[in-house]
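K.L.:
mind folding the following:
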Amino acid sequence: YCIAKDCTEQKNNDKKIKDYSYRISHIVESINDGFISTDTNWNVTYCNKEAASFFNERKEQIIGNNLLH
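P.N.:
Numbers count the residues shown, from 1 in each chain. A predicted model of the protein is given here:
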């Protein structure tokens, strides 16, 4: 027995999402203002280099932290 599924559409959608994410990240990194995004619990999900510079930390150290604590 053989079961097959055409995954072409899913792979194309995954590539589009990756491309859009890269474009958005590039745009946010190129602005001169600090930018931070959070989830609904105020956990940092994204931080650009200007915001990291403001906190005098690396982006990797800020992402995942809670802004209220």
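
K.L.:
contacting residues around residue 41?
P.N.:
Going by CB atoms under 8 Å, 6 or more residues apart in numbering, residue 41 touches residue 66. From N, CA and C alone the C-beta is placed, and that goes for glycine too.

K.L.:
distance check, it against residue 49.
P.N.:
From residue 41 across to residue 49, the span is 24 Å (CB to CB, to the nearest Å).

K.L.:
over to the residue nearest the centre of the chain. Which of the three states is it?
P.N.:
The chain has residue 46 as the residue nearest its centroid, 5.4 Å off, counting by CA atoms, centre = their mean. Secondary structure, DSSP: H, G, I helix; E, B strand; the rest coil: residue 46 is strand.

K.L.:
adjust the sequence numbering to begin at 57 for everything that follows.
P.N.:
In the new numbering, first residue 57, that becomes residue 102.

K.L.:
I'd say it and residue 119 touch.
P.N.:
Yes: applying CB atoms under 8 Å as the test, residue 102 and residue 119 come out as touching, 6.9 Å apart.

K.L.:
re the thing from before, now do the residue nearest to the centre of the chain against residue 61, distance only.
P.N.:
Relative to residue 61, and taking CB to CB, residue 102 is found at 33 Å.

K.L.:
just to revisit the earlier point, beta partners for the residue nearest to the centre of the chain?
P.N.:
Beta bridges link residue 102 to residue 93, judged by DSSP bridges.

K.L.:
and the pLDDT at it?
P.N.:
Note for residue 102: predicted pLDDT of 93.

K.L.:
now do the contacts for it.
P.N.:
81, 84, 91, 92, 93, 119.

K.L.:
and the buried ones among these, selectable in PyMOL?
P.N.:
Buried residues among those (16 or more other CB atoms under 10 Å), as a PyMOL selection:
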select buried, resi 84+92+119
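
K.L.:
if anything else comes up later, I'll come back, but that's it for now.
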